[in-house]
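K.L.:
3D model of this:
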Amino acid sequence: MGLGFTVGVIGVLILGHAAYSTIQYRSLLKITEEEFSGPPMEVVLELLVGLLFCMWAALTVPGKFLSVHPHSDENRVVSLPENVDFMIFNHRGRAFPSEVGLKLKH
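P.N.:
Got it, this is the predicted structure:
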């Protein structure tokens, strides 16, 4: 486990605790018959910290962003099933090769 994964788990735990605190606060308000106008400031700060931890982990854990090269061989058809109802591509956004000279891999 790396640092990013650990920070992500801590962020999820913080968000879960903030949700639990908000639910507990609302049940306390129901007992005292007061109106719910929003969560306490501590819970809002906890939500922001948990969100920042989760966003940082989401950006660092998967790895580095790579550019998508539309004309590379890795972006062609990976498999062509027998019944041709659907095709599996290794490229997002293009269904068919746009150039006439491109051949499909088998």
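K.L.:
need the strands for this structure, in chain order.
P.N.:
For the chain, strands defined by DSSP state E occupy the ranges 77-79, 88-89.
K.L.:
in this protein, what spans have low per-residue confidence?
P.N.:
Along the chain, the model assigns pLDDT under 70 to residues 1, 63-106.
K.L.:
And the helix ranked longest in it, what's buried?
P.N.:
Assignment by DSSP state H gives helix 3-32 as the longest helix of the chain. Along helix 3-32, the positions that meet the burial threshold by neighbour count (16 or more other C-beta atoms under 10 Å) are 4, 7-8, 11, 14-15, 18, 21-22, 25. All C-beta spots, glycine's among them, are computed from the backbone N, C-alpha and C.
K.L.:
Show me what that helix is packed against.
P.N.:
In terms of contact count using 3 or more C-beta pairs under 8 Å, 6 or more residues apart in numbering; DSSP states H and E, helix 3-32 is assigned the packing partners helix 41-60.
K.L.:
The helix it packs on to helix 3-32, inter-axis angle?
P.N.:
Angle, helix 41-60 to helix 3-32, by axes from the mean of the first three to the mean of the last three C-alpha atoms, to 10 degrees: 150 degrees.
K.L.:
With only the CA atoms kept, save helix 41-60 in PDB.
P.N.:
What follows is helix 41-60 as a C-alpha-only set of coordinates in PDB (Å, rounded to 0.1, in the frame of the first residue of the first chain):
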ATOM      1  CA  MET A  41     -19.400  23.900  11.000                       C
ATOM      2  CA  GLU A  42     -17.100  21.100  12.300                       C
ATOM      3  CA  VAL A  43     -18.900  18.600  10.000                       C
ATOM      4  CA  VAL A  44     -18.600  20.900   7.000                       C
ATOM      5  CA  LEU A  45     -14.900  21.300   7.700                       C
ATOM      6  CA  GLU A  46     -14.600  17.500   8.000                       C
ATOM      7  CA  LEU A  47     -16.400  17.100   4.700                       C
ATOM      8  CA  LEU A  48     -14.000  19.400   3.000                       C
ATOM      9  CA  VAL A  49     -10.900  17.700   4.400                       C
ATOM     10  CA  GLY A  50     -12.300  14.300   3.500                       C
ATOM     11  CA  LEU A  51     -13.100  15.500   0.000                       C
ATOM     12  CA  LEU A  52      -9.600  16.900  -0.500                       C
ATOM     13  CA  PHE A  53      -8.000  13.700   0.700                       C
ATOM     14  CA  CYS A  54     -10.200  11.600  -1.700                       C
ATOM     15  CA  MET A  55      -9.500  13.900  -4.600                       C
ATOM     16  CA  TRP A  56      -5.700  13.900  -4.000                       C
ATOM     17  CA  ALA A  57      -5.700  10.100  -3.700                       C
ATOM     18  CA  ALA A  58      -7.800   9.700  -6.900                       C
ATOM     19  CA  LEU A  59      -5.400  11.800  -8.800                       C
ATOM     20  CA  THR A  60      -2.200  10.100  -7.500                       C
END
